[in-house]
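Asker: one predicted model, sequence on top.
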Amino acid sequence: MRSALAILMLVAVVAPQRAGAAADGWTLELTPYFLIPSVEATLGYSAPDGSPDAGSGPTDWVELINAVAMLRVEAGKGRAFVTFDWMYLDMGNVDSVVRSVSFPDGTVPVGASATLDSDATFDGWTVMMSAGYKVVDDERLDLGLYGGVRTLNLSSGLRWQLTAVVTSPGGSYSFPASGAVEVQDETWDAVAGVRGSWRFGDRLSAFALADVGHGDGSSSSQWTVGGAWRFETASVELSWRDIRWEGLYAADRGDLHLDGPVIGATFRF
């Protein structure tokens, strides 16, 4: 929540300075947008009596979103540009299945039929900060390369109810038939990508971007394709976005995938 307030304050400070920015040759674009996500995740949770690995989704987003806020800010001068992209998402009651439980003396698989009831929650935000350069910049085509960093701060909870207690291979440990656990993690990835925009006449354009990121034990990727209808100082956008993380919490124990349609509006200053 503090991150959301800080970003809103940033917008409030930057927007009134648009006239001065334009005089210096800078352009500014603010894009509030809304991603309507499908969520699919495989996450490992650390617990005292055994660590469950659970799979969640894909799930219906409509009934599960508690809060969402998204904003992209881009400043440019000549062919250079810098971008700040922030997304916050809070989802609850995501259908999940406990797939296995890890003990100090081994791992025990758990069949889907053994899960009576299980659901997960996801609460977190992601930020990507990047800078780039347009290698092609003409009336109909923009093509740019960019690099930067992407961070994910994610809190995830799991509540489960199984048909029976799960016992470790050696019989020394047991995992309760019901309970709840929560974990939190923050990852940082260095990112490199490419983006393009194609204009068809004065109003209609198509755009696309793709990038990959790697960090200490984690990796991420995203792509977006869409179109925009341009007005004099604003445009409306409709696109599809796909963003993934691997290696969350512990290597090979956490994957998160968000994808879905995006509706946005860009205001140019």
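Answerer: Received, thanks.
Asker: show me what counts as buried in stretch 209-227.
Answerer: Going by neighbour count (16 or more other CB atoms under 10 Å), the buried part of stretch 209-227 is 209, 211, 212, 213, 215, 218, 220, 221, 222, 223, 224, 226. Any C-beta I mention is one placed from the backbone N, CA and C, and that applies to glycine too.
Asker: would a markdown table of the residues you listed with distance to residue 179 and pLDDT be doable?
Answerer: Listed next are these as a markdown table, based on distance: CB to CB, whole Å; pLDDT from 0 to 100:
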| residue | distance to residue 179 | pLDDT |
| --- | --- | --- |
| 209 | 42 | 98 |
| 211 | 39 | 98 |
| 212 | 37 | 98 |
| 213 | 34 | 96 |
| 215 | 31 | 90 |
| 218 | 27 | 86 |
| 220 | 30 | 95 |
| 221 | 34 | 97 |
| 222 | 34 | 97 |
| 223 | 38 | 97 |
| 224 | 39 | 97 |
| 226 | 43 | 97 |
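Asker: tell me which of those fall in strands.
Answerer: Counting by DSSP state E, the part of the buried residues of stretch 209-227 found in strands is 209, 211, 212, 213, 215, 220, 221, 222, 223, 224, 226.
Asker: tell me where the stretch 101-250 of the chain has strands.
Answerer: In the stretch 101-250 of the chain, the segments counted as strands under DSSP state E, counting those that start in this stretch are 106-109, 115-137, 141-162, 166-167, 174-175, 178-200, 204-215, 219-230, 234-246.
Asker: partner strands of the one helix or strand residue 94 maps to, parallel or antiparallel?
Answerer: Element membership for residue 94 (DSSP states H and E) is strand 80-103. The strands beside strand 80-103 in its sheet (DSSP bridges) come out as strand 51-56 (antiparallel), strand 65-77 (antiparallel), strand 106-109 (antiparallel), strand 115-137 (antiparallel).
Asker: deepest of those, which one?
Answerer: Mean neighbour count (mean count of other CB atoms under 10 Å) peaks for strand 51-56 among those, with a mean of 22.
Asker: could you check the angle strand 178-200 makes with it?
Answerer: 40 degrees (axes from the mean of the first three to the mean of the last three CA atoms, to 10 degrees).
Asker: what is the mean pLDDT for strand 51-56?
Answerer: Mean pLDDT, strand 51-56: 80.
Asker: kindly export that strand (C-alpha atoms) in CSV.
Answerer: Provided in CSV are the C-alpha atoms of strand 51-56 (Å, rounded to 0.1, in the frame of the first residue of the first chain):
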residue,chain,number,x,y,z
SER,A,51,6.7,-28.3,3.3
PRO,A,52,3.8,-28.6,0.9
ASP,A,53,4.1,-27.9,-2.9
ALA,A,54,0.8,-26.7,-4.3
GLY,A,55,-0.5,-26.0,-7.7
SER,A,56,-3.1,-23.1,-8.2
